[in-house]
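Student: For reference, the sequence and a predicted model appear below.
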Amino acid sequence: MWMGLCNGLVKAFSFWYIEALGGSSSLASLTNLAATFASAAGLVVMPNINASCGYTKPIFIGLIFQGLNYFGYAVMQNPWWAILPNIIKGFSAAITYQTLAAFMAESVPPEYLCSLQAVMWALYYGFGSGVGGIMGGVAFEYVGPVATFWGISIVSFFFAFLFVFIHWMCSKIETKEEKQNNNS
């Protein structure tokens, strides 16, 4: 859901921010095109990546890329630099979305898969994008765009490391339970 919130903020304000830095509408559209191509490339390579390294690492990388995307916006002074964060955004969206969909396909009974993917889409593109746009507007108004992008970048990095920590703790608990069951 965090990525959906971030996506909503970028969709609502990236064109405005690029124009505020002196970029044209054409440049803003070009950054969106770059994100689309990066997302398509990410969707092509992700099945092989998930097959080779599982689901935890791609989600972590997606969250790190999300942080890098907003870091890029925070330090951006030239509107042409917006192309790189948007490439990162497109790839990170593809990484996380495809990984979550693949994980659900393996973990959920087939009769529930369609419903759960619909819920995932609704949370990401519906709720996340809507609330992200609103929260972004409030943040832009009160702290400004640079501070907003810094804050989102820091929170994204925090969530990435929190995700890894929680996964590590859960795997330790599972290992401990398995050892106890084997000793019984």
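Tutor: Ah, there it is.
Student: Counting neighbours, which bits of the helix or strand bottoming out on mean pLDDT in the chain end up buried?
Tutor: The weakest-scoring helix or strand in the chain, judged by mean pLDDT, DSSP states H and E, is helix 2-20 (a mean of 81). Judged by neighbour count (16 or more other C-beta atoms under 10 Å), helix 2-20 contains these buried residues: 2-10, 12-15, 17-18. To be clear about C-beta, it is placed using only N, CA and C from the backbone, and glycine gets the same treatment.
Student: Dump it to PDB, restricted to CA.
Tutor: The C-alpha trace of helix 2-20 is given here as PDB (Å, rounded to 0.1, in the frame of the first residue of the first chain):
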ATOM      1  CA  TRP A   2       2.900   2.300   0.700                       C
ATOM      2  CA  MET A   3       4.000   2.000  -2.900                       C
ATOM      3  CA  GLY A   4       0.500   2.900  -4.000                       C
ATOM      4  CA  LEU A   5       0.600   6.000  -1.900                       C
ATOM      5  CA  CYS A   6       3.900   7.000  -3.400                       C
ATOM      6  CA  ASN A   7       2.600   6.300  -6.900                       C
ATOM      7  CA  GLY A   8      -0.400   8.600  -6.200                       C
ATOM      8  CA  LEU A   9       1.900  11.400  -5.100                       C
ATOM      9  CA  VAL A  10       4.100  11.100  -8.200                       C
ATOM     10  CA  LYS A  11       1.100  10.900 -10.600                       C
ATOM     11  CA  ALA A  12      -0.500  13.900  -9.000                       C
ATOM     12  CA  PHE A  13       2.600  16.200  -8.700                       C
ATOM     13  CA  SER A  14       5.500  15.100 -10.900                       C
ATOM     14  CA  PHE A  15       4.400  17.000 -14.000                       C
ATOM     15  CA  TRP A  16       3.800  20.100 -11.900                       C
ATOM     16  CA  TYR A  17       7.200  19.700 -10.200                       C
ATOM     17  CA  ILE A  18       9.100  19.200 -13.500                       C
ATOM     18  CA  GLU A  19       7.400  22.400 -14.900                       C
ATOM     19  CA  ALA A  20       8.200  24.300 -11.600                       C
END
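Student: after that helix comes which helix or strand?
Tutor: Remark: after helix 2-20, the chain's next helix or strand is helix 25-53, criterion DSSP states H and E.
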